[in-house]
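> no sequence on this one, just coordinates:
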Ligand code: PLP
């Protein structure tokens, strides 16, 4: 298998050179929160795959829903007013969940796709479409943030604020501007208070809008908690103040909830967690817990009204994908949401997340290379520092956190080393128990112990 992999697969986000040398890490099976690799080694999965397996692995209810959906209607599309029950019900349910659990009653329509990236491409295009339909075609730039991750299709990669995804791909394009990354621990000045830091971030946003010209800025996109950037929780009051700036300049707000949606933070949505008022919400991952690729762009009343009013003149919305609203995906999403609701998984994330966070802090908080341990619900980051006292980071090339993550696998724990800062993320399935967390903390501590002599 290893040989065949090397000779046939083009792996995403993989060093070709390292892969040719090291070969693939082949996963063979999984159940609940446990993975099993090709060699039969068991691992506790504190990555949730790529932050996505919210209900855990191997649920027979999902297999049954998929099997039934395939036999009932394995494919139909939504083009030209075509429809089917699974997508109708899922759209209605997503809106109801966002109305009920995020107090976002202004959200009105759901557009389906198959990945977080394509949903953000849809949002990127909708910003332009909305501007054109309103007769303000120049108002189309999007402000994203350094460290933000919004996917890797062409437009989404442009929104992504991490340089390593741009270098060598001639990105980003000119219609995206990146604001400062909201992370007090790393980017705050010495002795700077949270409030003063927040003032500085807002001043930066205002300065960008002034510099670019408010008439050219159409939208602002943000993850409620930055995931890939390093599990970065914004300073208190940040989003309220951002929203006030956006309102002042008639700028749309896009909440990228690809990770934070469907319970990961211990609330259903980051929109509810921070009281956001988004005009577009990007959803993916947890909507099906990765049992099928489904994403969604949820659109506000204000955007929808412009599209609706312009429709007689403009004709069909010339955007969509073969698999927008795939009936098997929609049926799987419904079964997944049943499990999240019926088994209280959002509440479990709210209870077990802080337990894991405190466990990590108690066991590792004093380690000389552990800078900050932070998180909300089951979205947790451990940030490493070359010199903790001086808040001096490791040089990127030292790959300190990658080394720890690699040792964690040897100790039977899957966690992820993130690409922007020296942060390891924990984002286990939301069904993880406190006993599993004890085991995770123990395995991680042992991995860190093994790594410490090499961390310099
Ligand atoms: N947005 C956020 C916040 C993400 O974390 C991701 C993926 O990790 C994406 C968008 C892109 O999603 P996908 O990989 O499904 O295209």
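Thanks, I have the structure now. Please read these numbers as outputs of a predicted model, since none were measured by experiment. Numbering: from 1, shown residues only.

> can you list the low-confidence ranges for the protein?
Applying pLDDT under 70 to the chain flags no residue at all.

> just want the residue of it that's nearest the ligand.
residue 116 (2.3 Å; C-beta to the nearest ligand atom). Placement of C-beta: from N, CA and C, glycine included.

> tell me the spacing between that residue and residue 28.
26 Å (C-beta to C-beta, to the nearest Å).

> the residue of the chain closest to the ligand: what's it in contact with?
Applying C-beta atoms under 8 Å, 6 or more residues apart in numbering to residue 116 gives the contacts 150, 151, 156, 256, 258, 282, 284, 285, 295.

> residue 192 should be in a helix, yeah?
No. Using DSSP: H, G, I helix; E, B strand; the rest coil, the secondary structure at residue 192 is coil, not a helix.

> and what about the residue sitting nearest the centre point of the chain, helix, strand or coil?
With distances taken as C-alpha atoms, centre = their mean, the residue of the chain nearest its centroid is residue 259 (3.1 Å). Taken by three-state DSSP, the conformation at residue 259 corresponds to coil.

> list the contacts for it?
Per C-beta under 8 Å, 6+ apart, neighbours of residue 259: 51, 223, 225, 227, 285, 286, 379, 427.

> which ones among the residues you listed lie within strands?
Among the contacts of residue 259, the members falling in strands (DSSP state E) are residue 379.

> could I get the contacts of residue 259 as TSV with neighbour count?
Shown next, in TSV, are the contacts of residue 259 (neighbours: other C-beta atoms under 10 Å):
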residue	neighbour count
51	26
223	25
225	26
227	26
285	28
286	29
379	28
427	29
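
> could you dump the contacts of residue 259 to CSV with distance to residue 338?
Formatted as CSV, the contacts of residue 259 follow (distance: C-beta to C-beta, whole Å):
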residue, distance to residue 338
51, 21
223, 26
225, 26
227, 25
285, 17
286, 14
379, 23
427, 22
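
> return only those of the contacts of residue 259 found close to the ligand.
By C-beta under 6 Å from any ligand atom, the members of these lying near the ligand are 223, 227.

> in helices only, show me the contacts of residue 259.
residue 51 (DSSP state H).

> if we can go back for a sec, scan the contacts of residue 116 and report the most crowded one.
Highest neighbour count within the contacts of residue 116: residue 150, with 33 neighbours (other C-beta atoms under 10 Å).

> what's the spacing between that residue and residue 172?
Taken as C-beta to C-beta, the span from residue 150 to residue 172 is 11 Å.

> which neighbours do these two share?
Joint contacts of residue 150 and residue 172 (C-beta under 8 Å, 6+ apart) are 157, 159.

> what's the neighbour count on residue 305?
For residue 305, the neighbour count with other C-beta under 10 Å is 11.

> list the buried residues in the one helix or strand it maps to.
In this assignment (DSSP states H and E), residue 305 forms part of helix 301-314. Neighbour counts over helix 301-314 (16 or more other C-beta atoms under 10 Å) mark 303, 304, 306, 307, 310 as buried.

> list of residues touching it?
Residues contacting helix 301-314 (C-beta under 8 Å, 6+ apart): 106-109, 126, 129-130, 133-134, 252, 279-280, 299, 317.

> likewise for stretch 267-280?
So stretch 267-280 is in contact with 97-98, 101-104, 106-107, 123, 126, 219, 223-225, 234, 239-240, 243, 252-255, 257, 260-262, 265, 281, 297-300, 302-303, 346, 350, 376-377, going by C-beta under 8 Å, 6+ apart.

> can you do 7 Å?
Stretch 267-280 has contacts (C-beta atoms under 7 Å, 6 or more residues apart in numbering) with 97-98, 101-104, 106, 123, 126, 224-225, 239, 243, 252-255, 257, 260-262, 265, 281, 297-300, 302-303, 346.

> what of stretch 362-381?
With contacts defined as C-beta under 7 Å, 6+ apart, stretch 362-381 is touched by 185, 225, 227, 230-231, 233, 259, 264-266, 349-350, 352-353, 356-357, 360-361, 382-385, 388, 391, 400, 423, 425-428, 430, 432, 441, 445, 448, 455.

> restricted to helices, list the residues you listed.
Per DSSP H, the contacts of stretch 362-381 map to helices at 185, 349-350, 352-353, 356-357, 360-361, 400, 441, 445, 448.
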